[in-house]
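Colleague: here's my sequence, what's the structure:
(chains A, B, C and D)
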Protein chains: 4
Amino acid sequence: MEIHAKQVRPDSKNRADRARMLISCPDGPGIVAAVSHFLHQHGANIVQSDQYTMDPAGGMFFMRIEFDLPQLLVNLPKLEADFAEVASRFQMEWTLSAVSRKKKLAIFVSKEDHCLVELLWQWQAGDLDADIALVVSNHLDMKDYVESFGIPYHHIPVTADTKKEAEQRQLDVIGNDVDVIILARYMQIISPMFIEHYRNRIINIHHSFLPAFVGGKPYAQAYNRGVKIIGATAHYVTEELDGGPIIEQDVQRVSHGDDVTELKRIGRTIERVVLARAVKWHVEDRVLVHENKTVVF
Amino acid sequence: MEIHAKQVRPDSKNRADRARMLISCPDGPGIVAAVSHFLHQHGANIVQSDQYTMDPAGGMFFMRIEFDLPQLLVNLPKLEADFAEVASRFQMEWTLSAVSRKKKLAIFVSKEDHCLVELLWQWQAGDLDADIALVVSNHLDMKDYVESFGIPYHHIPVTADTKKEAEQRQLDVIGNDVDVIILARYMQIISPMFIEHYRNRIINIHHSFLPAFVGGKPYAQAYNRGVKIIGATAHYVTEELDGGPIIEQDVQRVSHGDDVTELKRIGRTIERVVLARAVKWHVEDRVLVHENKTVVF
Amino acid sequence: MEIHAKQVRPDSKNRADRARMLISCPDGPGIVAAVSHFLHQHGANIVQSDQYTMDPAGGMFFMRIEFDLPQLLVNLPKLEADFAEVASRFQMEWTLSAVSRKKKLAIFVSKEDHCLVELLWQWQAGDLDADIALVVSNHLDMKDYVESFGIPYHHIPVTADTKKEAEQRQLDVIGNDVDVIILARYMQIISPMFIEHYRNRIINIHHSFLPAFVGGKPYAQAYNRGVKIIGATAHYVTEELDGGPIIEQDVQRVSHGDDVTELKRIGRTIERVVLARAVKWHVEDRVLVHENKTVVF
Amino acid sequence: MEIHAKQVRPDSKNRADRARMLISCPDGPGIVAAVSHFLHQHGANIVQSDQYTMDPAGGMFFMRIEFDLPQLLVNLPKLEADFAEVASRFQMEWTLSAVSRKKKLAIFVSKEDHCLVELLWQWQAGDLDADIALVVSNHLDMKDYVESFGIPYHHIPVTADTKKEAEQRQLDVIGNDVDVIILARYMQIISPMFIEHYRNRIINIHHSFLPAFVGGKPYAQAYNRGVKIIGATAHYVTEELDGGPIIEQDVQRVSHGDDVTELKRIGRTIERVVLARAVKWHVEDRVLVHENKTVVF
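Modeller: From the prediction side, this is the model:
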């Protein structure tokens, strides 16, 4: 049985001529005018824009624009080349993506399957506008399941001794085409060397409401502390364990009657939902990172 | 004992040179460019903007901009005059407000005091950036309390026979300076004549999750239907009972053990919070109305 | 590829000697004393009990008890026989279930698969303590997927003309062993004849926050009304469309920017979660029905 | 202007003959039977009971019972005397309270008034079934406001040097009649000596989702960490700072656009609601403490 992702719906959000732009720069006068004037001159029609200034007096400026441009894929190279001048004038960091060019994901998983299953289901239902290029695991458990979707599964065991080589093999199988790596309950710490290759492009799901319960066994920690609400946190991976920029969090109420097994059960649904939202926002270019925080438009 | 609102905090959101602009118009190319170019030319610095297009092919376009302009109050008349040309070109409906000119509220109340008390507390705490010009009531219950804040209280009884005259008296005491009328559990139906004077400027709190439980005794209706969640809805008042554009809603979980008295008790807190949020958003120029719906930026 | 449900975890909630009792009766003095005395005399140890009285003066009394009894399966018949006397004295409606005897489910589905997939995943993960006896559908879409789990799939088309015969065929394939029928987005109205066979044992998921948006196309209705929160409702099916006793509801915040397609996408996750919770509570004997409302312990 | 609490509504929850019992003991067979038999024999009618066993094999057992007993206040002394035998048999810790005897509160406050205002409003609205015996503050800010309700206000300044004497003065003004002390944003650390007098009877509101952001300036900590949800926690005070048994928590979603000032504003409403719920549950005898956790019925 092979299951393929449904045709993406021909709705207004996935048109061939739709593009997205993300901009970060020091705030100053005239940025919105310059960008919108540039787009207008090039024949683009802005269909959505969001903007945020941390502090009008000397802070950072963040912007996300969705626009339609006739014959986008033909015109994109020139648009990018021309925009370099504007970007340089305002010291912008920026990206420009055609919506029709889907982001490519690599999903890492260990034994717990719920986050992987959720992402596959959303992808197969047409709700996750991305391609799943491959799955990497230090275990064999999910091999048959993943391959039944026609997705390559790479089994790369990891031990303390082989970690360096294992990570190199991971980088090799991922290749150069993957945009973002999803740690869907992948229970290995990622080394700084690996992180450096995918700075702000590795999304982890932590099974607690960070920064409460950093580290291992967060549900047991939550049970012992007697909290009345548990949560999950999707964040970009940095060198600091569970300390990277938070993309999304959500929570659910629990009671004294929920033991650790029940907290884990409730938590699995929160984890699935939170991770899927964070991945969706990332592949829709909604997340900007500044220092250790995110701006989510 | 007279209690006065605290000095508004000198934070970045309440500066003397800050203004807000709300724009609705048919979508088309060049709107953002034209507006941002106009503001840049006039020396304004955009500090936040939000934009929404209902449908890129022929829908409506909505925009909210916050900007800083040196010597705003001096320059505002010319800015408004000059903007008329841009507005006319794109068939815009628009408003332009100086943040330092606070909106004036009239609060209508009957006997239930919780929504009024919440608004007064938030105002007195400096959290509601508006002036409370007067309170109007068909009962005397809250007179002493309201006057202890130094706010005029107008007791205008309403009966079926005197409704027309009563509404005229209400309009008279309100005068011409009030920006928005808040029905803080005011248990009288407002006539079309009255509504016409304050189109999209009368905010009501309905004690249910609309459109469930339209009309009277919504908590009894909710109890009888056995819902597991109750809510409240803040909306602009139109000629259709409980049918106007929804500004904000919120909910809380209840159980079979909560009788009508308990639902009312739980509901009072939801009502207070939802109404206060809607009022805050209105006075911060965050709400645009289009047909029977709102855009909340 | 066949996937089987994991071994149920050997935790305290699934022990061989654990039983559950549900009781409804007119309130009166001595009920708790009589029941707990009875269980104590028979060697049972109560590990959890919940109780609710609608109105101490003449209302209904509801009770759920979990208890452990050594050699439960051997002793259950005598326990049931002996309890009949207590039950008769207080005019009780009651059930007594061994936890080790799992409830059997029949799942009905049409084309939308998300609720079915969720139930299968939770079952396969060991989180749904029930057996899925069969799946019935008026379409073929999910046949391969369901059969890959080793679960029988009965394709029974339904048209206006063949409805009566189709329902009879459904009853035939279900047989006499199924405890509860789950309508996992089954888009056919169930006839009173069918309902009568499974009174308070058919669970439907409605894709709105009932009683808002009864009937068809609730997400389009929600979009048109401009609500700020959408929801889903799991309820027992009665002869009144979308009018049966509500078991569970949940909601999520949406904004003006979410079109009908996006509301449906957000709603799918709410529907999955709400239906799965309602099914879990039903199979754990947590739900009592009284008139048109539920008591959920 | 003096405002008095409304007459408590004559609903079923506040009847003259209603009592509540809280029991903690090691689990074992026959406890429910013994207690319910005892009450039945003494003519009491159980109207609600909740029970929880941490672990059927050797854990703790917790129970809360509401019952009606004719001429309760006359019969209570004998009921208590007789129950001592049952309690002794099962090594119970227990309390028995007449609902008509309201708990007496002492509220401690510093300068931030929102939690105090909320409790006074709920009390005055008849929603808080307790008496407010006095308010203690290390500042004078709220004196007039509190006294306008006819409630004594004790101004007791605290400095590092005078802490010991100040706490002794606090104990003196509180006297022997106060059941529970509410720290409604009282910004002083309570000494172990003071805590010992009111073990599990001092409720604090911490302005974060504990155990995230223990200690000072939690909103600034939350802003710096970039969390997407903020919360508040009501807990009993122990010798460990912000480490005592959690009674209730709640949260609200925030965004990158909310600065520290805005987080504080949003947080004030969460704090008010969470503290008021915890106080309500405490005065309704719904909270049992075991080691560092609560059971909330």
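Colleague: how about the strands of chain A, start to end?
Modeller: A:18-26, A:45-53, A:60-68, A:93-98, A:103-109, A:130-137, A:153-155, A:180-183, A:202-206, A:229-236, A:246-253, A:287-290, A:293-296 (DSSP state E).
Colleague: packing partners for the second one?
Modeller: Read that as strand A:45-53. Contacts defined by 3 or more Cβ pairs under 8 Å, 6 or more residues apart in numbering or on different chains; DSSP states H and E place strand A:45-53 against helix A:31-41, strand A:60-68, helix B:31-41, strand B:45-53. The C-beta positions use only the backbone N, C-alpha and C, and glycine is treated the same way.
Colleague: dump these into JSON lines; add distance to B:I246, mean neighbour count and mean pLDDT as well.
Modeller: As requested, the helices and strands packed on strand A:45-53 are exported to JSON lines (distance: least, Cβ to Cβ, whole Å; neighbours: other Cβ atoms under 10 Å in any protein chain shown; pLDDT from 0 to 100):
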{"stretch": "helix A:31-41", "distance to B:I246": "30", "mean neighbour count": "21", "mean pLDDT": "94"}
{"stretch": "strand A:60-68", "distance to B:I246": "26", "mean neighbour count": "22", "mean pLDDT": "95"}
{"stretch": "helix B:31-41", "distance to B:I246": "26", "mean neighbour count": "21", "mean pLDDT": "94"}
{"stretch": "strand B:45-53", "distance to B:I246": "16", "mean neighbour count": "22", "mean pLDDT": "90"}
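Colleague: got a markdown table for those, with distance to D:R185 too?
Modeller: Formatted as a markdown table, the helices and strands packed on strand A:45-53 follow (distance: least, Cβ to Cβ, whole Å):
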| stretch | distance to D:R185 |
| --- | --- |
| helix A:31-41 | 41 |
| strand A:60-68 | 33 |
| helix B:31-41 | 42 |
| strand B:45-53 | 31 |
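Colleague: least reliable of the strands of chain A by average pLDDT, please.
Modeller: Mean pLDDT is lowest for strand A:45-53 among those, at a mean of 90.
Colleague: what does that strand rub up against?
Modeller: A:18, A:27, A:32, A:36, A:39, A:59-69, A:295, A:297, B:27-29, B:31-33, B:46-53, B:56, C:257, D:256-257 (Cβ atoms under 8 Å, 6 or more residues apart in numbering or on different chains).
Colleague: for the closest residue to A:M193 other than its chain neighbours, give me its contacts.
Modeller: Leaving out its chain neighbours, the residue that sits closest to A:M193 by Cβ to Cβ, 6 or more residues apart in numbering or on different chains is A:E167, at 6.8 Å. By Cβ under 8 Å, 6+ apart, the contact set of A:E167 is A:V158, A:I190, A:S191, A:M193, A:F194.
Colleague: nearest to chain D among those?
Modeller: Nearest to chain D among the contacts of A:E167: A:I190, at 20.1 Å, using Cβ to the nearest Cβ.
Colleague: please tell me I have it right and the closest one contacts A:V237.
Modeller: Yes. Look at A:I190 against A:V237 with Cβ atoms under 8 Å: they come within range, at 5.6 Å.
Colleague: what is in contact with the two at once?
Modeller: A:L183, A:I202.
Colleague: now A:G59: how far from D:V260?
Modeller: Per Cβ to Cβ, to the nearest Å, A:G59 is found 14 Å from D:V260.
Colleague: also A:S24?
Modeller: Taken as Cβ to Cβ, the span from A:S24 to D:V260 is 22 Å.
Colleague: please apply the same query to A:I247.
Modeller: Applying Cβ to Cβ to A:I247 and D:V260 gives a distance of 21 Å.
Colleague: what pairs with the residue lying closest to A:G226 once chain neighbours are set aside across the strands?
Modeller: The shortest distance from A:G226 to any non-neighbouring residue, by Cβ to Cβ, 6+ apart, is to D:K293 (3.4 Å). Per DSSP bridges, the residues bridged to D:K293 are D:H290.
Colleague: D:K293 and D:G244 touch, don't they?
Modeller: No. D:K293 is not in contact with D:G244 according to Cβ under 8 Å; the separation is 10.0 Å.
Colleague: more neighbours: these two, which one.
Modeller: The neighbour comparison of D:K293 against D:G244 (other Cβ atoms under 10 Å in any protein chain shown) goes to D:G244, with 24 against 17.
Colleague: dump the residue contacts of the more buried one.
Modeller: D:N204, D:H235, D:Y236, D:V237, D:T238, D:N292.
Colleague: measure the first one to D:V180 for me?
Modeller: If I follow you right, that is D:N204. From D:N204 to D:V180 the distance is 12 Å (Cβ to Cβ).
Colleague: more neighbours: which of A:I247 and D:V260?
Modeller: Per other Cβ under 10 Å, whichever of A:I247 and D:V260 has more neighbours is A:I247, with 26 against 16.
Colleague: quick one, what contacts the more buried one?
Modeller: A:I203, A:A234, A:H235, A:Y236, A:A278, A:W281, A:H282, A:V287, A:T294, A:V296, D:K228.
Colleague: nearest to chain B, of those?
Modeller: The closest of these, once distances to chain B are taken by Cβ to the nearest Cβ, is A:V296, at 14.0 Å.
Colleague: pretty sure A:I203 is touching A:R277, no?
Modeller: No. Using Cβ under 8 Å as the test, A:I203 is too far from A:R277 to be in contact (10.7 Å).
Colleague: more neighbours, those two?
Modeller: Between A:I203 and A:R277, A:I203 has the larger neighbour count (other Cβ under 10 Å), namely 26 against 18.
Colleague: what's the spacing between that one and A:K280?
Modeller: 11 Å.
Colleague: ditto for A:G257
Modeller: 33 Å.
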